[in-house]
Structure formats: C-alpha cells, structure tokens
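K.L.:
compute the structure for the input listed below.
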Amino acid sequence: MTEAVIRVEGLGKSYQTAAGEFPALRGVNLRVDGGEYLAIMGPSGSGKSTFMNLLGCLDRPSSGAYFLAGANVAEMDRDALARLRNHTLGFVFQGFNLLPRMSLQDNVALPLVYAGVDKASRRARARVLLERVGLGQYADSLPNRISGGQQQRVAIARALVNQPRLILADEPTGNLDSQTSEDIMALFDSLNRDGITIVLVTHELDIAEHARRQVRFRDGCIISDHLTGAAA
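P.N.:
Residues are numbered from 1 along each chain as shown. Take a look at the predicted model:
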C-alpha cells in the first residue's frame, strides 16, 4: 500500500463561543495516500476550512490524532513542526498572499530564506519555478503589475519552492474568472501527474471534478468519500 501522507483518526476541534462550546469537527477519520488528488467540499460552516487549518498545522485539534508523512503532529515541538511543514507542505490560498514590495522572484524564494538556503540558490530555484508556471519573463516585476490569475501562478510557484510532497489549496480559484480558474486547475493537474499530492477546498463542482476523489463535509463530519473517475 502507498504510504499515507495524511492520516487523521477521530479528529475533533471545538471552539468556545458566547453560546458555549461549538464542535467544528466531530471525530473525523481520513487517509490520503501519496499521489492522491482530493477535493474537500461542503457548505459554509461544515468544518472543511477548520479541517484544512489542522492539516496545515495552523491550528491544533481538540481531540484525536493527526499523522503527517508518518509523524504524529501532537508529539512534535514547535521547531520540529516548523521543519516538517517547511519540507512537506506547500500552501496556496484564495488571496494569493504575495508581498507587494517584493519582486515575483523574491516572493517565490521567500520560504527558502527560512530554510537557510543561500541567496544565489534561492533566486535560481525561484526563477526555474516561475518559468514552470509561465511567468519567467516577469521575475523582476512587482505583484501589482500582473493579473490575478498570474498572481495565483506565482503563489503556486512559491508553494513548490521547497519541493513539497503535499500541496494544500484553500479555494485557489475563488477570486478568479472561469477561464483563469481552468488555467490554474490545469496547472494543478500537471503537478499531480508529476506525483505531488494535492488536497484542495472548493465549493465549485466544476473545480472539484478535476480531483480523482471528493470528500464532503457537513456539520463537522464527513458524509461522503468517493472516487470521481477523473483523469488528472
């Protein structure tokens, strides 16, 4: 069997509100193997964004266990967890999150600064990835000089710079028109064909249909988990 990149067992997350404790996730079990292409769907408030935050180690569960690339996240200290995230995960967000006063090349290279990679190597790797997403000619441009779709391509290049095994994408086409969304999804399809595991949150069925597997959340629980037959 392929090694699990993600394995969660009885994962729960509750928040304290004025009305009392609110269970955002209720005992979720899920396994994602290396090379899978998974879409997480569900209505607002279903728990899918909370789940993605836990997968990205941006928050801690209230109960249950999360194993990322075989490591029990709960047993790791802050430094060990940061190293695991840096080398295993790449993040793509709806809002791009590019630094406006840095060139596209420097934006892509930024995660390598925290990894201790020297400047020449950082810039060289960032340039290669900008070429891969079709933006090599804009390497020295600022983010406000390119379109939203191009900014998302830069964000994907940044997510790839540490050569992650897994990309987590939260509504990656939410701010894009339909044609640009398809262009971005074609890029994700290509990355998955190269062996990168992709987990994306979307509320759009046409985006989810790019994935080979769809998992639906409702009221903090998984209510369906099925293969789609999609060929990435």
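
K.L.:
which residues are contacting the helix or strand where A124 lies?
P.N.:
Element membership for A124, per DSSP states H and E: helix 119-132. Identification of contacts with helix 119-132 by CB atoms under 8 Å, 6 or more residues apart in numbering yields 104-106, 108-109, 112-113, 117, 136, 138-139, 154, 157-158, 160-161. Placement of C-beta: from N, CA and C, glycine included.

K.L.:
ok, and for it, which residues are buried?
P.N.:
R122, R123, R125, A126, R127, L129, L130, R132 (16 or more other CB atoms under 10 Å).

K.L.:
report pLDDT for the third one.
P.N.:
The pLDDT attached to R125 in the predicted structure is 94.

K.L.:
ditto for the first one
P.N.:
pLDDT for R122: 93.

K.L.:
what's across from the residue nearest in space to the middle of the chain in the sheet?
P.N.:
Centroid check for the chain by CA atoms, centre = their mean gives L168 as the closest residue, at 1.3 Å. Here L168 shows beta-bridge partners F91, V199, assigned using DSSP bridges.

K.L.:
run through the residues that contact it.
P.N.:
By CB under 8 Å, 6+ apart, the neighbours of L168 are M52, L55, G56, L89, G90, F91, V92, V199, L200.

K.L.:
and the gap between the residue nearest to the third one when sequence neighbours are not counted and F22?
P.N.:
So that's G56. Of all residues not flanking G56 in the chain, L168 sits nearest, at 5.2 Å (CB to CB, 6 or more residues apart in numbering). L168 sits 23 Å away from F22, going by CB to CB, to the nearest Å.
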